[in-house]
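Trainee: this is the structure alone, sequence omitted:
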């Protein structure tokens, strides 16, 4: 039903067509899964941010205790490598936050579209049902009055004068 990436995020969901739209259960399940994935990604981001903050605090504490930075003790080349790694980690964190925001926005747009489509389809179904009910009711009324026709035929024939064509009188009799 869904293609998964290596991160476990679905690439595409296909819903089985139902009467005038998509299967409501599948749409609801997709919305629930999407929201759960967003919550999971938010949780993972919060844990990563918390871990980075903890490491930063430990580093600052260690620097204060020794009176000098960790980078001073290591050769200049190693210091550059560590700075680059730190910058890359920060960029990765920022990129992850942007991706989460984009995924959340996309999921909200999809949910909005699905809800709007479902409402439109519900209106169409309701309108069609009303029309069908009106047609059935008018048909029932016509059939209801047809029951009285055999009793009314002699009265109608009596009211018609002799100048009425025989074809019209014959139509009333049958």
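Mentor: Now that the structure is in, tell me what you want to look at. Quantities reported herein were computed from a predicted structural model and do not represent experimental measurements.
Trainee: can you give me the neighbour number for residue 43?
Mentor: Neighbours of residue 43 under the rule other Cβ atoms under 10 Å: 10. For the C-beta atoms, the positions are set from N, CA and C on the backbone; glycine is no exception.
Trainee: doesn't residue 93 make contact with residue 49?
Mentor: Yes - applying Cβ atoms under 8 Å, one finds residue 49 in contact with residue 93, separated by 7.0 Å.
Trainee: in the protein, which helix or strand is least confident?
Mentor: Least confident helix or strand of the chain, by mean pLDDT, DSSP states H and E, is strand 2-4 with a mean of 49.
Trainee: tell me which element residue 99 is part of?
Mentor: For residue 99, the host element (DSSP states H and E) is helix 76-146.
Trainee: so which elements touch that helix?
Mentor: Contacts defined by 3 or more Cβ pairs under 8 Å, 6 or more residues apart in numbering; DSSP states H and E place helix 76-146 against strand 21-22, helix 24-66, helix 70-73.
Trainee: which of these sits most buried?
Mentor: strand 21-22 (a mean of 18; mean count of other Cβ atoms under 10 Å).
Trainee: relative to that one, what are the paired strands and their orientations?
Mentor: strand 17-18 (antiparallel) (DSSP bridges).
Trainee: could I get the average pLDDT for stretch 99-106?
Mentor: Mean pLDDT, taken over the full extent of stretch 99-106, equals 91.
Trainee: so for it, what gets flagged as buried?
Mentor: By 16 or more other Cβ atoms under 10 Å, the buried positions in stretch 99-106 come out as residue 104.
Trainee: neighbouring contacts of that stretch?
Mentor: 9, 37-38, 41-42, 45 (Cβ atoms under 8 Å, 6 or more residues apart in numbering).
Trainee: run the last query once more with 6 Å
Mentor: Contacts to stretch 99-106, defined as Cβ atoms under 6 Å, 6 or more residues apart in numbering, come from residues 38, 41, 45.
Trainee: which residues does the second one contact?
Mentor: Read that as residue 41. By Cβ under 6 Å, 6+ apart, the neighbours of residue 41 are residue 100.
Trainee: now the first one
Mentor: By Cβ under 6 Å, 6+ apart, the contact list for residue 38 reads residue 104.
Trainee: where does this protein have low pLDDT?
Mentor: Residue ranges of the chain with pLDDT under 70: 1-19, 66-75, 137, 139-146, 148-149, 152-153, 155-174.
Trainee: let's go with 50 and repeat that
Mentor: 1-3 (pLDDT under 50).
Trainee: how close does residue 122 sit to residue 20?
Mentor: According to Cβ to Cβ, to the nearest Å, residue 122 and residue 20 sit 9 Å apart.
Trainee: thinking again about what came up before, nearest approach to residue 151 belongs to which of the helices and strands packed on helix 76-146?
Mentor: Within those, the stretch nearest residue 151 is strand 21-22; the backing value is 49.2 Å (Cβ to Cβ).
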